[in-house]
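> For reference, the sequence and a predicted model appear below.
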Amino acid sequence: MTSAIYPGSFDPVTLGHMDIIERTAQIMDRVIVGVLYNQKKTPLFSVEERVKMLKSVTAHLPNVEVKSFDGLTIDFARENGAKAIVRGLRAITDFEYELQLSQTNRVMAPEIDTLFLTTSLKYSYLSSSMVKEIAMYGGDISAFLHPDVAELVREKMKRFH
Ligand code: ADP
């Protein structure tokens, strides 16, 4: 059985993330989405909220699991018996950072490879931070998120107004 992890902040999960998850689920026997506790960033949603959202939008995919994790991605991969770390590539700007990350991970864990999926064209511009910025100013975010996630973002933004 081939397993892969798909790590990220998912603050919140976008249609671009969902596209990567769905495509990975078709290639791998098992996909574990890893929601990162990131001390460096102040997230809009707590890890528990992000895990809950991801579980709900991936409920139709039987081979996808969602977990939170803290620490090194390679440790999370090992704990889950995953052979691969999946990352999405949007633009050339993602490339340098992702290359460095994957090479560092490979030095630390040669048995685990990073697989890159190029984003579907229609989501190539999409990022969680852009969506949050639009929502902050009351813009329409429905084209970027699952309807349930969009509603949760709107609810959350009400607190800032
Ligand atoms: P991180 O904080 O690790 O960058 P993100 O939640 O922003 O986590 O993204 C997780 C992964 O999903 C990364 O590999 C990122 O490049 C990828 N990703 C983000 N947005 C998109 C998108 N619109 N299309 C494809 N991949 C994406």
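Received it, and whenever you're ready, just let me know what you need.
> just the helices in the chain please.
For the chain, applying DSSP state H gives helices covering 15-27, 47-57, 73-79, 92-108, 128-136, 147-158.
> Quick check: residues of this protein near the ligand?
8-10, 14, 16-17, 20, 87-88, 90, 94, 119, 123, 126-128 (C-beta under 6 Å from any ligand atom). Where C-beta positions appear, they are placed from N, C-alpha and C, glycine not excepted.
> now, among these, which is nearest to Lys52?
Lys52 lies nearest to Phe10 out of these, by C-beta to C-beta, at 11.1 Å.
> Which residues are in contact with the closest one?
Listed by C-beta atoms under 8 Å, 6 or more residues apart in numbering, the contact set of Phe10 reads 17, 33, 35, 50, 53-54, 128.
> Would you format the residues you listed as JSON lines with pLDDT included?
JSON lines is the format used below for the contacts of Phe10 (pLDDT from 0 to 100):
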{"residue": "His17", "pLDDT": "97"}
{"residue": "Val33", "pLDDT": "98"}
{"residue": "Val35", "pLDDT": "98"}
{"residue": "Arg50", "pLDDT": "97"}
{"residue": "Met53", "pLDDT": "98"}
{"residue": "Leu54", "pLDDT": "98"}
{"residue": "Ser128", "pLDDT": "95"}
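> Now the two most distant members of these.
Largest separation among the contacts of Phe10 by C-beta to C-beta: Val33 and Ser128, giving 14.0 Å.
> More neighbours: which of these two?
Set Val33 next to Ser128 and count neighbours by other C-beta atoms under 10 Å: Val33 wins out with 28 against 23.
> from memory the more buried one sits against Val66, does it?
Yes: counting by C-beta atoms under 8 Å, Val66 is a contact partner of Val33 at 4.6 Å.
> so where's this protein uncertain?
39, 161 (pLDDT under 70).
> hmm, try it at 50
Of all residues in the chain, none has pLDDT under 50.
> Need the helices of the chain in JSON lines (columns: distance to Thr114).
Converted to JSON lines, the helices of the chain look like this (distance: least, C-beta to C-beta, whole Å):
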{"stretch": "helix 15-27", "distance to Thr114": "12"}
{"stretch": "helix 47-57", "distance to Thr114": "20"}
{"stretch": "helix 73-79", "distance to Thr114": "9"}
{"stretch": "helix 92-108", "distance to Thr114": "4"}
{"stretch": "helix 128-136", "distance to Thr114": "20"}
{"stretch": "helix 147-158", "distance to Thr114": "26"}
